[in-house]
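**Student:** compute the structure for the input listed below.
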Amino acid sequence: MDNQLTSTELTTADNAAISHLKQAIAGGKHWYIALLEAIALWSSAEESYQGRRYRYLIDGEAFDWLLLAERLCREVEGMLPEEERIALLFHGRPPVKLTAQEFKKLIGGGKYHQYLNYFYGVTVEEALLQAVQEEVRKEKRLSGYAGEQNLANEAYRRIYGATRAILLKRFRREKRYPQLKSASLAELKEFSYWLFKYRLKQCDKARVASDTKKALERLGANGSPPGAGNYRA
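**Tutor:** Numbering: from 1, shown residues only. Model prediction:
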């Protein structure tokens, strides 16, 4: 994927991706297969489009393929079955089941590798936090304390050794981002990816493997997250 480009600076590859998507659907190809083929052609890492900022590649490594899918779907509004589109973009349920190898072939090996970075670095990392937070909640209930206060901070401490606020401050300082009171969705995804790499540095391999297993089990118990369950390597 290329460096940051605005919507008025789409590359030849990006325009080819959009054209392919429209023509393939109009020609009778299943829209989901056409979408994955268009994703393979796309080159921009981020862009501004219709007043919204899209960042498809986090930290130059992690490919948020569903965000690009959402963007491309906006180019063919009215050509897609609405229920199938919503199921894919909001629930990660594709209308066609593919093997990991089929999915990889359609979007390309490079993007597939970047997708795996996103899956383990963002999706799994967020699931790990949820799993540990649930453990904290159960422990508090067993001890007779039913309050929800500080559950998240305790989960952050157990996994990363510090509170969310401290970690977010470190992340922003390292990235030279402003220390704001709120964060955009794009920044939160990047923060999750930063936490993933931070955890890999701080924890031994056995702990990393155990935490990853815990997160994957949670994902399996709660259904497939966007882009993950059907295409695990």
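**Student:** make it CA atoms for all contacts and neighbour counts henceforth
**Tutor:** OK.
**Student:** where are the low-confidence patches of this structure?
**Tutor:** Along the chain, segments meeting pLDDT under 70 span 2-8, 146-149, 221-233.
**Student:** what segments of it are strands?
**Tutor:** Along the chain, counting by DSSP state E, strands occupy 46-49, 52-55, 57-58, 62-63.
**Student:** so which of these gets nearest M79?
**Tutor:** Among those, strand 46-49 comes nearest to M79, with 19.8 Å by CA to CA.
**Student:** strands paired with the closest one, and their directions?
**Tutor:** Counting by DSSP bridges, the strands paired with strand 46-49 are strand 52-55 (antiparallel).
**Student:** if we can go back for a sec, can I get the strands of the chain in TSV including distance to Y115 and mean neighbour count?
**Tutor:** Formatted as TSV, the strands of the chain follow (distance: least, CA to CA, whole Å; neighbours: other CA atoms under 10 Å):
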stretch	distance to Y115	mean neighbour count
strand 46-49	15	16
strand 52-55	14	16
strand 57-58	9	24
strand 62-63	5	24
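**Student:** out of the ones you listed, which is closest to K181?
**Tutor:** strand 52-55 (19.8 Å).
**Student:** please enumerate residues in contact with the closest one?
**Tutor:** For strand 52-55, contacts defined as CA atoms under 8 Å, 6 or more residues apart in numbering pick out A45, E46, E47, S48, D64, L67, L68, A186.
**Student:** for the fourth one, list each beta-bridge partner.
**Tutor:** It stands for S48. R53.
**Student:** which residues touch the spatially most central residue of the chain?
**Tutor:** With distances taken as CA atoms, centre = their mean, the residue of the chain nearest its centroid is D64 (4.7 Å). Counting by CA under 8 Å, 6+ apart, D64 makes contact with R55, Y56, L57, I58, Y115, Y118.
**Student:** R164 now?
**Tutor:** Counting by CA under 8 Å, 6+ apart, the residues that R164 touches are A152, N153, Y156.
**Student:** now these: which count as buried?
**Tutor:** For these, a burial check counting by 16 or more other CA atoms under 10 Å picks out A152, N153, Y156.
**Student:** just checking, which of those residues belong to helices?
**Tutor:** The helices, defined by DSSP state H, take in A152, N153, Y156 from the buried ones among the contacts of R164.
**Student:** list just the nearest of those to A13.
**Tutor:** Nearest to A13 among these, with distances taken as CA to CA, is Y156, at 41.1 Å.
**Student:** now the strands of the chain as CSV including distance to D14?
**Tutor:** Output for the strands of the chain, formatted as CSV (distance: least, CA to CA, whole Å):
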stretch, distance to D14
strand 46-49, 11
strand 52-55, 14
strand 57-58, 15
strand 62-63, 16
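**Student:** nearest to Q23, of those strands?
**Tutor:** strand 46-49 (21.3 Å).
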